[in-house]
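Engineer: take a look and give me a structure for this.
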Amino acid sequence: MHHSIEIENLSFTYPDGRPALRDVSLRIAPGEKVALAGPNGAGKSTLLLHLNGMSAGEGRLTVCGLTVEPKNFARLRAAVGLVFQNPDDQLFSPTVFDDVAFGPLYQGLDPAEVTRRVELALAAVRMTGYSRRVSHHLSVGEKKRIAIATVLSMQPEVLVLDEPTAGIDPRARRALINLLRDLPMTMLIASHDLRMANELCPRLVVMDEGRIVANGPTAELLKDRLLLEAHGLEGIV
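Structural biologist: The predicted structure is shown next:
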């Protein structure tokens, strides 16, 4: 079976010698939405950065049928849409249009196709009409949606999100959950928001100290109080 994401025995050590990932193996099927939970320092963000070559450890990774290695980085970064926790790390252009158009322009697409991609991406995140707005004048929730649009304009096969609901108010959170539910692509979502995970992702992967310590149906794992308590997740659901 072809998997959108296939990770085998991945380990990564920081330059200071501290291990961040320890023998991680994980497979995610096309169209599957998977939540990744664990305490701070568990290795969640480090794992996400390996999926398009932004970090490189030891092990075997295949994403969208491509081995994660330098010769495939350009194709991987189009296929894997990585949305950072802080949208200000993703938004740096004068206008929303320029931010969302950046990827397609970098791909060398013609102006008409770039505009079409921008319009489709903004419609997908329900931000039509924001093209000429200044990204840094938007609310955090609006910025999060625009950050997602910047990767949707690349038409990725996989969407990878780091703490998408962090720092936004309840109304923006609800809108974001509804948006992510409607997107048809494979997703891996690292989050402390276990209520969102329960609502959006049928499968939950729990990490702690660089290892996967649980992997199964979200609803079942969230009932396991001993598991949640042992890995710093109690009291969140």
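
Engineer: only C-alpha atoms from now on, for both contacts and neighbour counts.
Structural biologist: Will do.

Engineer: list the buried residues in the helix or strand bottoming out on mean pLDDT in the chain.
Structural biologist: Within the chain, judged by mean pLDDT, DSSP states H and E, the helix or strand with the poorest mean is helix 73-79; its value is a mean of 87. For helix 73-79, a neighbour-count test (16 or more other Cα atoms under 10 Å) marks 73, 76-79 as buried.

Engineer: turn these into JSON lines, columns for distance to residue 177.
Structural biologist: Formatted as JSON lines, the entries for the buried residues of helix 73-79 read as follows, by distance: Cα to Cα, whole Å:
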{"residue": "73", "distance to residue 177": "29"}
{"residue": "76", "distance to residue 177": "25"}
{"residue": "77", "distance to residue 177": "24"}
{"residue": "78", "distance to residue 177": "23"}
{"residue": "79", "distance to residue 177": "22"}
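
Engineer: check which helix or strand residue 199 maps to.
Structural biologist: Taking DSSP states H and E as the definition, residue 199 sits inside helix 194-200.

Engineer: tell me which helix or strand comes right after that helix.
Structural biologist: strand 203-208.

Engineer: from the middle of its chain, how far away would that next one be?
Structural biologist: Relative to its chain's centre, strand 203-208 lies at 14 Å (Cα atoms, centre = their mean, to the nearest Å).

Engineer: so what touches it?
Structural biologist: By Cα atoms under 8 Å, 6 or more residues apart in numbering, the surrounding residues in contact with strand 203-208 are 33-39, 41-44, 197, 212-218, 221, 231.

Engineer: select only the buried ones of the residues you listed in ChimeraX?
Structural biologist: In ChimeraX syntax, the buried subset of the contacts of strand 203-208 is picked out as below (16+ other Cα under 10 Å):
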select :33,34,35,36,37,38,39,42,43,44,197,212,215,218,221,231
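
Engineer: helices of the chain, residue ranges please.
Structural biologist: Taking DSSP state H as the test, the helices found in the chain are 44-50, 73-79, 96-106, 111-124, 140-152, 170-182, 194-200, 218-221, 225-230.

Engineer: which of these is buried the deepest?
Structural biologist: For those, the largest average neighbour count (mean count of other Cα atoms under 10 Å) is found in helix 140-152, namely a mean of 26.

Engineer: that older thread, and the least confident helix or strand of the chain, how far from the chain's centre?
Structural biologist: Per Cα atoms, centre = their mean, the displacement of helix 73-79 from the mean C-alpha position of its chain is 15 Å.

Engineer: next one: stretch 130-150
Structural biologist: If you compare the mean C-alpha spot of stretch 130-150 with that of the full chain, they lie 17 Å apart, counting by Cα atoms, centre = their mean.

Engineer: check stretch 64-80 too.
Structural biologist: Centroid separation between stretch 64-80 and its chain, computed with Cα atoms, centre = their mean, is 16 Å.

Engineer: residues contacting it, please?
Structural biologist: For stretch 64-80, the external contacting residues (Cα under 8 Å, 6+ apart) are 2-5, 51-53, 60-63, 154-160.

Engineer: just for the protein, where's the confidence low?
Structural biologist: 1-2, 235-237 (pLDDT under 70).

Engineer: out of the helices of the chain, which comes closest to residue 132?
Structural biologist: Go through these one by one with Cα to Cα and the one that ends up closest to residue 132 is helix 96-106, at 6.1 Å.
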